[in-house]
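Novice: Here is the input, now give the coordinates:
(one chain, ligands or ions: 1)
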Amino acid sequence: MPFLELKEVSFEYPNGFKAVDNVSLSFELGEKAAIVGQNGAGKTTTVKLMNGLLKPDQGDVTVGGLNTKDYTTAQISRRVGYVFQNPDDQIFHSNIINEIKFGPKVLGFTEEEAEKWVNLAIELTGLSDYLEENPYNVPLSYRKFITIASVIAMDTDVLIFDEPTAGQDLYGVERLTHIINRLQALGKTVIIITHDMEFVIRHFTRVIVMANKKVLADGNCRDIFWDLNLLDKSMLKQPCISRVAYEIGLKDAKPLFEDEVVSLLVEESTK
Ligand SMILES: Nc1ncnc2c1ncn2[C@@H]1O[C@H](COP(=O)(O)OP(=O)(O)OP(=O)(O)O)[C@@H](O)[C@H]1O
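Specialist: Predicted structure coming up:
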């Protein structure tokens, strides 16, 4: 049985708008996946269903064997942590350290456990020099790391990051990559929602494509970014280098990176 499972899940907002229609997905512990798709495809609604912030109207969501319908959002969020797209929707303390310590405190961690996870969260997010600052005195890109740290400190089995690379410079993106890989190495499941296809291609193998409230594809990055029909339907772009490869007839190897195209060209020239 997968650790996190959505089985034929549908959800309608109170105004009657259906945002998720018959979605089935499953995730094992220790895997990472990226959810991509156009604005309004239903990505954020889907992940809010995963951590119990929303409950399905149809179908079931189970986390570690618990059906989210039978538990409170607080109970489910002990297992699935969600980092909001906009950090300002999440932060409510007047200094950074209290924001990070809040989760373990509410969850009733022992002092030792709390210290372990808070310290790891600070180390991974690089916030040690700013702990006494008011979160609103640091730039938005740092505030995103504050919200990531708050969720890391809760030691959940699953961590979901909504648009984590938005507003980050190269250094921030590298830090984020390190965080995701470290969390995965700790046996956690990491799911991101992103519009940053370069980031997906470089760091994820499993990609889930959503469009118009549904999952259109769930598979290998290389296959997905070479399925032109799927990309068209979901209004996603093929990476620039793949488009060049396509135009010059190097599509069979499905290249996604510059060095792959260079190798293919060298191979061609020596034939
Ligand atoms: N509280 C709400 N009430 C009514 N409709 C909503 C609500 N929240 C979201 N929606 C609608 O549900 C649809 C799916 O929204 P959702 O945020 O899940 O999409 P998304 O794929 O995450 O988009 P984005 O990439 O823009 O964040 C959108 O059309 C949105 O306007």
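Novice: Flag every buried residue along stretch 27-34.
Specialist: Buried residues in stretch 27-34, counted by 16 or more other Cβ atoms under 10 Å: 27, 31-34. C-beta coordinates here come from the backbone N, C-alpha and C atoms, glycine included.
Novice: What about those, which are in strands?
Specialist: Cross-referencing the buried residues of stretch 27-34 against strands under DSSP state E gives 27, 32-34.
Novice: any idea what sits nearest Ile91, other than its immediate chain neighbours?
Specialist: Closest residue to Ile91 apart from its sequence neighbours, by Cβ to Cβ, 6 or more residues apart in numbering: Pro135 at 4.8 Å.
Novice: which element is Leu256 on?
Specialist: For Leu256, there is no enclosing helix or strand under DSSP states H and E.
Novice: Tell me who's in contact with it.
Specialist: 201, 221-222, 225, 239, 241-242 (Cβ atoms under 8 Å, 6 or more residues apart in numbering).
Novice: if you set the cut-off to 6 Å instead, what comes out?
Specialist: Neighbour list for Leu256: 201, 239, 242 [criterion: Cβ atoms under 6 Å, 6 or more residues apart in numbering].
Novice: In helices only, show me those residues.
Specialist: When these are checked against helices (DSSP state H), the matches are 201, 242.
Novice: Out of the contacts of Leu256, grab the one that's most surrounded.
Specialist: Most neighbours among the contacts of Leu256, by other Cβ atoms under 10 Å: Ser242, with 24 neighbours.
Novice: From the ligand, how far off is that residue?
Specialist: Ser242 sits 22 Å away from the ligand, going by Cβ to the nearest ligand atom, to the nearest Å.
Novice: list the contacts for that residue?
Specialist: Going by Cβ under 6 Å, 6+ apart, Ser242 touches Leu256.
Novice: State the pLDDT value of it.
Specialist: Note for Ser242: predicted pLDDT of 92.
Novice: Confidence-wise, which helix or strand of the chain is lowest on average?
Specialist: For the chain, using mean pLDDT, DSSP states H and E, the weakest element among its helices and strands is helix 258-269, scoring a mean of 88.
Novice: Following element in sequence after the particular helix or strand that has Glu123 in it, please.
Specialist: Per DSSP H and E, Glu123 falls inside helix 111-125. Proceeding N to C from helix 111-125, the next assigned helix or strand is helix 140-152, under DSSP H and E.
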